[in-house]
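Trainee: missing the sequence, but the structure's below:
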């Protein structure tokens, strides 16, 4: 699967799997999240990195899915797509299209970690002379402060760092497993046990360094000083974000691993309507449409503007979660009934046919994928299971956000649930607060729409983050189903310690996927395809679609 340096899973193996991908489409809001493998994305572009063609202003017609623009809190593709070029971790991913983009390289660290102590100790040295955008020197201790801050603000990323010695006491202001020396720049991290994806975790936005005086609360609208090529100048939620160059960034300090980028400025207009966003790009008011074209206009876009369209398939899954703590979905038969009742082909049609049906957690681009056929469409069986569960007439609220085509999927689900004997209704809320709302235990969301786009290409980013009961949290919870099975949890924890993804380890992941879906905490229905649409002024020879972050805004150039 992935190619991580210290853990010996080779880039070549990753690349071979990635090249098997087909150009299809996908995207969205936990677009999270964020944002997946091969573990990769397939794309019509094979372009490389930035060409050095600077221009004044790149105008984006963005959707309303930004949750935060604080690196400790954001967990959507929308947020990470902006912040990838703003807030740098010690490690990061190569700015390149295709499988090459999965290569981990040093960002703020001078080199990749030296791993000792049986895989439990990571040692790095901070690059010298780096400054934040406000001129503050970057220090080694800023790394520990950033991780401590994650815990203090109840970051959705804290589960990534729970294996660090002393993490349980992080809210007190110290993690004993992280030691730093500001004079030498040395950073040492001690883990309680080996962790096969830890370099990937160090490359997440949650691990980005921030100044030590950064407040322990959301700073989205008072942007934190940055270390990357860009800085967030301003952010008005649901209106606009302005990103400009970081005056203290010098690409030569990063050995070519962090390009300077082409746009001098990015004006990110937040638009609520897919059709309006599309028209703004066609008319030249914006340069790029982050939205997906409305299904009824897709053929028009393909026929009239095909040379301005890029099609790609990131590693993703669309699913309905069922909260196993809340009736009636605390009953296995009800959860299985939902899986039998949904016609996955009908759901793909709702998205304009841009996708393929699935019953799996993992996308088919992962080597650990083995296609399930547990729940063939069977409405009669679904009705019978609802009766056997004694759930006929049970009140159910289906949650979703208000963006794009996704509400049509939950409307379909409501009709299906009513047809099998439940009494269902919809609850649609603003996309900017959707994930934090359903991720708050106080909401007690019974069932709802969700999607997932990999944070990094490893099965742990799917099962540990989304389905390990040990990582359920009170707020910012990504385990919307609150699935907590001791056997599954134990196997995930055991697999976490495996240093490489061997054939036998991959077989174990296949079984985890099957074991989870037999208990049906989700009803997965689609791996989605996506389009990036540009106006005619943009030079798409500069287009880079990254395996994790999708379209790299900083790489684009004008004709």
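Mentor: Arrived safely. Keep in mind that what you see is a predicted model, and the values were worked out from it rather than measured. Numbering: from 1, shown residues only.
Trainee: can we go C-alpha only for contacts and neighbour counts from here?
Mentor: Noted.
Trainee: residues in contact with residue 179?
Mentor: Residue 179 sits next to 141, 144, 187-189 when contact means Cα atoms under 8 Å, 6 or more residues apart in numbering.
Trainee: you'd agree it is in a strand?
Mentor: Yes: with DSSP: H, G, I helix; E, B strand; the rest coil as the criterion, residue 179 is assigned to a strand.
Trainee: For it, list each beta-bridge partner.
Mentor: Counting by DSSP bridges, residue 179 is bridged to residue 188.
Trainee: Quick check on residue 104: phi, psi?
Mentor: phi -80, psi 130 (degrees, to the nearest 10).
Trainee: Thought residue 208 was touching residue 88, still the case?
Mentor: Yes: counting by Cα atoms under 8 Å, residue 88 touches residue 208, with 5.0 Å between them.
Trainee: Go ahead and confirm residue 333 touches residue 389.
Mentor: Yes: the criterion here is Cα under 8 Å, and residue 333 meets it with residue 389 at 6.0 Å.
Trainee: what bridges to residue 530?
Mentor: Beta-bridge partners, per DSSP bridges, of residue 530: residue 312.
Trainee: Kindly state the pLDDT recorded for it?
Mentor: Per-residue confidence (pLDDT) for residue 530: 92.
Trainee: Count the residues that sit near it.
Mentor: Around residue 530 there are 23 other residues, counting by other Cα atoms under 10 Å.
Trainee: Over to the one 3 residues further on?
Mentor: One way to gauge burial is a neighbour count; for residue 533, by other Cα under 10 Å, it gives 25.
Trainee: contacting residues around it?
Mentor: For residue 533, the contact set (Cα under 8 Å, 6+ apart) comprises 281, 288-290, 308-310.
Trainee: quick one: which of the residues you listed is nearest residue 376?
Mentor: Distance to residue 376 across those (Cα to Cα) is lowest for residue 310, with 33.1 Å.
Trainee: That closest one and residue 127, how far apart?
Mentor: For residue 310, the distance to residue 127 equals 36 Å [Cα to Cα, to the nearest Å].
Trainee: gap between residue 467 and residue 69?
Mentor: 26 Å.
Trainee: what does residue 378 give?
Mentor: 43 Å.
Trainee: Mind checking which of the two has more residues around it?
Mentor: Using other Cα under 10 Å as the criterion, residue 378 and residue 69 rank with residue 69 on top: 26 against 15.
Trainee: is it true that that one touches residue 78?
Mentor: No: in this structure residue 69 lies outside contact range of residue 78 using Cα under 8 Å: 9.2 Å.
Trainee: Pull the contacting residues for residue 148.
Mentor: The contact partners of residue 148, taken as Cα under 8 Å, 6+ apart, are 170-171, 173-175.
Trainee: In JSON lines: these, plus distance to residue 427, neighbour count and pLDDT.
Mentor: Shown next, in JSON lines, are the contacts of residue 148 (distance: Cα to Cα, whole Å; neighbours: other Cα atoms under 10 Å; pLDDT from 0 to 100):
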{"residue": "170", "distance to residue 427": "36", "neighbour count": "22", "pLDDT": "95"}
{"residue": "171", "distance to residue 427": "35", "neighbour count": "16", "pLDDT": "94"}
{"residue": "173", "distance to residue 427": "39", "neighbour count": "14", "pLDDT": "93"}
{"residue": "174", "distance to residue 427": "41", "neighbour count": "18", "pLDDT": "91"}
{"residue": "175", "distance to residue 427": "40", "neighbour count": "21", "pLDDT": "96"}
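Trainee: now, the most widely separated pair of the residues you listed?
Mentor: Across the contacts of residue 148 (Cα to Cα), the longest gap, 8.7 Å, separates 171 and 175.
Trainee: Can you give me the buried ones in stretch 206-215?
Mentor: Across stretch 206-215, burial judged by 16 or more other Cα atoms under 10 Å covers 206-212.
Trainee: Could you give the average pLDDT over that stretch?
Mentor: Mean pLDDT, stretch 206-215: 97.
Trainee: Stretch 325-342 too?
Mentor: Stretch 325-342 comes out at a mean pLDDT of 98.
Trainee: what does stretch 444-454 give?
Mentor: 96.
Trainee: Give me the distance from that stretch to the chain's centre.
Mentor: Here stretch 444-454 is found 13 Å from its chain centre; the criterion is Cα atoms, centre = their mean, to the nearest Å.
Trainee: Next: stretch 489-496.
Mentor: Relative to the centre of its chain, stretch 489-496 is centred 21 Å away, using Cα atoms, centre = their mean.
Trainee: now do stretch 550-559
Mentor: On Cα atoms, centre = their mean, the centre of stretch 550-559 falls 20 Å from that of its chain.
Trainee: What's the mean pLDDT across that stretch?
Mentor: 96.
Trainee: Likewise for stretch 302-317?
Mentor: Rounded mean pLDDT across stretch 302-317 is 94.
Trainee: Any idea how far apart the tips of it sit?
Mentor: 24 Å.
Trainee: Double-check that residue 411 belongs to a strand.
Mentor: No: secondary structure of residue 411 (three-state DSSP): helix, not part of a strand.
Trainee: What is the burial count for it?
Mentor: 18.
Trainee: Distance of it relative to residue 527?
Mentor: 19 Å.
Trainee: try residue 449
Mentor: 14 Å.
Trainee: Neighbour count for those two, which is higher?
Mentor: Neighbours were counted for residue 449 and for residue 527 using other Cα under 10 Å; residue 527 has more, 31 against 23.
Trainee: contacting residues around the more buried one?
Mentor: 26, 315-318, 355-358, 363.
Trainee: Just name the closest of those to residue 371, please.
Mentor: Nearest to residue 371 out of the contacts of residue 527 is residue 358 (Cα to Cα; 7.8 Å).
Trainee: what's the pLDDT at the closest one?
Mentor: 98.
Trainee: Quick check: phi and psi on it?
Mentor: Backbone phi and psi, for residue 358 under degrees, to the nearest 10, turn out to be phi -150, psi 150.
Trainee: ok, it to residue 133 distance?
Mentor: 44 Å.
Trainee: likewise residue 403?
Mentor: 33 Å.
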